[in-house]
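3D, please:
(chains A, B, C and D)
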Amino acid sequence: MDFDFSEEQRLLDETVRRLVKDEYDIVKRKSYIAAPEGFSRKLWARYAELGLLGLPFAESEGGFGGSAVETMIVMESFGRGLVVEPYLAAIVLGAGLVSLAGSAAQKRAILPQVASGKRLLAFAHGERQSRYALADVETTASREGGGWVLDGRKGVVLNGDSADTLIVSARSAGTSRERRGITMFLVDTKAKGVGIRGYPTVDGLRAAEVTLESVRVAGDAVLGEPDGAYPVIEHAVDRALAALCAEAVGIMETLNAVTLDYLKTRKQFGVPIGAFQALQHRMADMVVEHEQAKSMAMLAALSADLTDVAERRRVISAAKVQIGKSGRFVGQQSIQLHGGIGMTEEYLAGHYFKRLTMIEQSFGDTDHHLNRFAEVTLPAG
Amino acid sequence: MDFDFSEEQRLLDETVRRLVKDEYDIVKRKSYIAAPEGFSRKLWARYAELGLLGLPFAESEGGFGGSAVETMIVMESFGRGLVVEPYLAAIVLGAGLVSLAGSAAQKRAILPQVASGKRLLAFAHGERQSRYALADVETTASREGGGWVLDGRKGVVLNGDSADTLIVSARSAGTSRERRGITMFLVDTKAKGVGIRGYPTVDGLRAAEVTLESVRVAGDAVLGEPDGAYPVIEHAVDRALAALCAEAVGIMETLNAVTLDYLKTRKQFGVPIGAFQALQHRMADMVVEHEQAKSMAMLAALSADLTDVAERRRVISAAKVQIGKSGRFVGQQSIQLHGGIGMTEEYLAGHYFKRLTMIEQSFGDTDHHLNRFAEVTLPAG
Amino acid sequence: MQLAYTTEEQAFREEVGSFIRDNLPADVRDKVLNGKTMGREDYLRWHRLLYERGWVAPHWPVEHGGAGWTAVQRHIFEDECAEAGAPPVIPFGTTMCGPVIIRFGNDWQKQYFLPKILSGEHVWCQGFSEPGSGSDLASLRTKAVREGDHYIVDGQKTWTTSAHFADWIFNLVRTDPAAKKQEGISFLLIDMKTPGITVRPIVTMDGSAEINEVFFDNVKVPAKNLVGEENKGWTYAKFLLGNERTGIARVGASKRELKKLKEIASNEREGGRPLAASPRFRDKIAALEVELMALEITNLRMIAAMRGGKGPGPESSILKLKGSDIQQRLAELVMEALGPYAMPFQREAMEAGWNEEPIGPDYAAFAAPHYFNNRKISIYGGSNEIQRNVIAKMMLGL
Amino acid sequence: MQLAYTTEEQAFREEVGSFIRDNLPADVRDKVLNGKTMGREDYLRWHRLLYERGWVAPHWPVEHGGAGWTAVQRHIFEDECAEAGAPPVIPFGTTMCGPVIIRFGNDWQKQYFLPKILSGEHVWCQGFSEPGSGSDLASLRTKAVREGDHYIVDGQKTWTTSAHFADWIFNLVRTDPAAKKQEGISFLLIDMKTPGITVRPIVTMDGSAEINEVFFDNVKVPAKNLVGEENKGWTYAKFLLGNERTGIARVGASKRELKKLKEIASNEREGGRPLAASPRFRDKIAALEVELMALEITNLRMIAAMRGGKGPGPESSILKLKGSDIQQRLAELVMEALGPYAMPFQREAMEAGWNEEPIGPDYAAFAAPHYFNNRKISIYGGSNEIQRNVIAKMMLGL
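Numbers count the residues shown, from 1 in each chain, chains lettered A, B, ... in the order given. Sure, this is the predicted structure:
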């Protein structure tokens, strides 16, 4: 048992920390967000140079063969700096799905381009009615000749407006909310019938509503096994959840640091406000929550690729629950302890708080994952 | 709209407060508990003299025609002093059921004896499997000639070991957990086939396990409508819940007072511990919780006899939820703020804490009543 | 003891209800109910209607234009207005500055300002907080130096709600830098159009701009605008802060938001069923509703206690604590109910007149911004930490 | 980075597991698993078995009888013992006084006391707390006056766990009343059979009597029982208190209790179905299980950090805070699960050998008393408030 990074991991950690420290502050971040795609293409190219974009898939696939621990290292630093580039959407989810389910030809065609930063992927899966249920897919896929026709709508597709290729899930068989019968397709965002309405999200990122009207794709656009996409989707989303947990831990670290600094410097009634015991105790609880969250983010990273699916579910959902609760406490209290300044757009805490809040509502909120956890640990009946 | 007591109510309040103040402290209480029945017969006689035992039923029935507000006044003071006499079991529940459901002859025979303190009633209703579900009755009643035969077991019958007469609920029709089909019977505790195993409860009161083996009762032992006891039971229990809420509010008042006193007198690090802001804020929250609980206990008293049953349910369950949450916070924190001394048997706080804890588990805990409340305010579907 | 309203109270309630039904402009109501951005004119349209009815400052003495209501009537009025979606009357003139002028102002001030507060001709804002003085208000540093029959004011105020459209500001200024911090403060009324005043909006994290910084650079203020005596301003500020806190629980507004939450939770789906039917989410709404029921009674009890002529005491801190917690949790549950559709940022959808197709349901745009914006409720008007201090010190003697 | 145990660690774990299976007396295990009253002999039977195996004080230096384990091995050992229902080793000798004697004691003390601590011949208790000194330990007043080659001790200790069956007590006493409060304290070892010592049990609200008051009336203690130097006792006490806190999270015991809670919740019925299937109760168990999972990792991380030779720091306060909260909530949920059957008070059912028919299920008798007794966990060993102070001051520099 050990919690130490390998030499390579330590190097990766240092590299990403330095990069984020150099390239990110609240002013620079604003300028990245102001770009048409909502992030910095220049930084994206830097990530490619550093090998980050090929991190989560095998060297044989054009990547660097990192595990979920490497993803954790990257995402924790991205959380510290509140990075806006679409690493989660394009790399963890997009490339992750291709790597998990793609044919050799698909991998060859796509992954090197992803690793070099030339192609952006997005995962068009959730729908208006689906909330957090991964099997709740109503977009349809019908066979036509050797190809398929896709019809439906996808909602809140992360970075859907900057993607070159969408990975679209659709119901090819079965009834609504059934796990069996879901197929994934690679769809060019410029294909006929694809409508994309991009928009900013409240946490400074981008997403899109996607409409699919009689979108025709060839037979080789199918990603993975027809009707059998659910287990792959669940696995990729579990990886995304582990990555989000790490990002949240990085955010909490920064929030705690700036709040502690504020407690030590802000004076009221002639003393630093950190001299007040009620605020000291609050800050102590924030530290405890960060430690608990960090523990679970580590466990999630170590479990994101377990072959025992029930155990993977148990750990990933537990981690999301812990991060949700810890994040809510740390986020709310960091604003509260700052007082008025914490409410303002120009101060950094609010931006971290907003992202932390949206992480809780991403890919299943605390209630959703508490239920998923309990289904493993306390099966009904 | 007003929250003032009438002149009679004010007088009642003063009388009971004085009585409790004179006759109750932690040492005297211990001596009452040490009596075979677990309470003071002498005080019971005093309550009778003062008219308290006839309070909740009509003058025409030999009582004093008080409403649930009068019961609240009595119970809040009983809470302040942690009174152990079986007012809830014998008067609010026992006499309440006779008054709500009894025939003229039954009322004539029983209620004046109750009011004078000569006869004690107890309500033998809950069973091992029933938890908090009032319709979960498996004890059976079968007709035999003009009478009935009762068989089954009743559990945690409050003051069942000192009662002269039990009001036993039994299933005369329908299936387990069905509301229709429950009948109440007046059963002499000395009747053949009645077994009573009395014991102390963790909060210093008494209860009993009751067994009924082929207990034969006459036709006139039926209390209320055969098969139709459920609405009456629910009404009587709602009254008991309102009374328990008031008792809990009295307990919280005392706990807050002794805790505040301790904060002001106990010194550590050269100052009263009440000088520490973290403890000040805790105490402030305890005060807030007591006020919220008091508000709901008042509302419960004013709603305990509403003819609109759904509205009565809504208010009574809301009150029980509020008292449960407030009571748990006040109880736990009063012990915490006391430190070691709060853990000891010889100090009063622990006794109040224990009773407050058991009130939360009486006639439905917080979860149970949150569900009952939601069934009215957010009906499923 | 009874909670039902008396016949007279019930009749009054119906009178208020029918007045609102007949007069509240539909577009203003829509903005309030849906949390859209409110401008000066939105507030003033309703303000003028109340003024005409004689209800704009009901708590003032009758001779100055008040309505002579009981505390219960005030509560009924506020509750009905809030539940129906009427906007609040901007409090800085009617609830804050007006009573100070009535109590401590001179005759000229009364004659000049009070009618204009009532009519809505003057919209006011409050110049108390400064960058360096948050909870420690008395440490303020904006100074006013007497020169002839004027004061010259220099300094900065912040978190100033409505300053971007206000006509006047009532300001705490330091007139004696040598005195102990509470003792050198004066209460000065300043025309916002005076040269040297700059207003800079503060954008809050939800993207709205309701609050401002106000800079005073060599601002010349007539000495007749001084309220009461020089260096006694702290007394007037304490009077102002201790005054008029029955609305602090915000029960009416929370009842309105609870209703909206239930509608949203019934409309949103989880696994094909209404989210409101999920035991987990249902429990959360129910638990919050119970707290709100209790707070309503606690509020009424304190109002009833005021009938005896007693003013609101430190007990109002109880109302502020629970009230802010409930408002924040309501916004939190609305956001949770939206699931992924809390994410799209649709600032423009919160402006009146926007009529494009919303992203997600039409109530989605407001959910997360409201949650973020509502974090302020436990900070402003005395943070929750200050409220607990007040209870501990003033109610409990700790 | 990996959480799985190494092959060696796994082998060690199996060795511990099989030792427990082969040796732990069934009746002792039953008492621990069912929360029954434990007597001196119950603890000592297991103590002696561990002693024979060389595992009774594994953290001691090997030359004094320690096992030379890594921090991970210690964790594995403690976790296995707790989960299997082995009683804890009474810590006052092995974990508290022993290391102080090893570090600061003289040769006679080492030779006389250490073997008897290991063998169980001497059971120890701790004389720190006094009626007037709870969290403010250094304000203690029990005094020791030197007379020739003895000290005369007068005063009172309280909350003294195990004093009713202990052979020795290590006592903080004031030897210089004129010095500043931390500087006049000495660390004295006292034979409990010395004339003038009276032990009075303190019954706690759950009805148990595990703690005591200890009175010292003119108690004559040989000067050779002084540890280290006179008036340096505070240093030794701080060493003792800062030492050996890896077990403070009590993860193993909580895992055992969680298992029991699940069994109880599966056995109890609500509306004919297992209580564990009710979404409300299931969620509560699940939420607690998540916290415990996180705490286990946090604990392991801190143990791993100690491998570099660093001792436990203020971080152990994190373990104490979360650990106590989890233990208390576990007991709370067990009590809740019982419903009305938490009410019967069956003190006698908690004594070994009782075999009447229980009232309600056989696990009912322990539920409420455990809940009440467990309130102490956030009070003793530094209250949760003190732990937060430690984090704020020592970790955060506030």
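
Neighbours of the nearest residue to residue C:304 once chain neighbours are set aside, how many?
Take residue C:304 and drop its neighbours on the chain: the residue closest to it by Cβ to Cβ, 6 or more residues apart in numbering or on different chains is residue B:3, 4.9 Å away. The C-beta positions use only the backbone N, C-alpha and C, and glycine is treated the same way. Neighbour count for residue B:3, taken as other Cβ atoms under 10 Å in any protein chain shown: 18.

Quick check, pLDDT for residue B:3.
Per-residue pLDDT puts residue B:3 at 87.

mind listing what it touches?
By Cβ atoms under 8 Å, 6 or more residues apart in numbering or on different chains, the residues touching residue B:3 are B:298, C:1, C:300-301, C:304-305.

Near the residue in chain C that chain D sits nearest to, how many residues? Count them for me, please.
In chain C, the residue that lies nearest chain D is residue C:279 (4.3 Å; Cβ to the nearest Cβ). Other residues near residue C:279 come to 17 when the count uses other Cβ under 10 Å.

on that earlier part again, out of the contacts of residue B:3, who's nearest residue B:352?
Of all the contacts of residue B:3, residue B:298 has the smallest distance to residue B:352: 20.8 Å, by Cβ to Cβ.

ok, and the closest one, which helix or strand is that part of?
If you go by DSSP states H and E, residue B:298 is part of helix B:277-303.

Buried residues in that helix, which are they?
B:277-303 (16 or more other Cβ atoms under 10 Å in any protein chain shown).

got it, and stretch A:222-240?
Within stretch A:222-240, the residues that count as buried by 16+ other Cβ under 10 Å are A:222-224, A:226-230, A:232-240.

what residue ranges in chain A score low on pLDDT?
Along chain A, segments meeting pLDDT under 70 span A:380-381.

can you list the domains in it?
With domains defined by automatic domain parsing, chain A comprises A:7-120, A:122-227, A:231-377.

likewise chain C?
What automatic domain parsing lists as the domains of chain C is C:7-89, C:124-231, C:249-395.

and residue B:315, which of those is closest to it?
domain C:249-395 (7.9 Å).

end-to-end on that closest one?
In domain C:249-395, first residue to last residue: 18 Å (Cα to Cα, to the nearest Å).

now the helices for the stretch 251-398 of chain C?
Counting by DSSP state H, counting those that start in this stretch, the stretch 251-398 of chain C has helices at residues C:251-267, C:279-306, C:316-338, C:364-374, C:384-390.

can you give me phi and psi for the residue of chain A most remote from its centre?
For chain A, the largest distance from the centre (Cα atoms, centre = their mean) belongs to residue A:270, which lies 43.9 Å off. Main-chain torsions, residue A:270, degrees, to the nearest 10: phi 80, psi 0.

OK, contacts around it?
Taking Cβ under 8 Å, 6+ apart, we find residue A:270 in contact with residue C:136.

Residue C:163 versus the closest residue to residue C:84 other than its chain neighbours, what's the distance?
Nearest non-adjacent residue to residue C:84, counting by Cβ to Cβ, 6+ apart: residue C:20, 4.7 Å away. Distance of residue C:20 to residue C:163, computed by Cβ to Cβ, to the nearest Å: 29 Å.

Which secondary structure state does residue C:60 sit in?
Under DSSP: H, G, I helix; E, B strand; the rest coil, residue C:60 falls in the coil class.

got a list of what it touches?
With Cβ under 8 Å, 6+ apart, residue C:60 has these contacts: C:66-67, C:94, C:98-99, C:102.

re earlier: return the distance of the residue farthest from the centre of chain A relative to chain D.
Residue A:270 is 16 Å from chain D, where distance means Cβ to the nearest Cβ, to the nearest Å.
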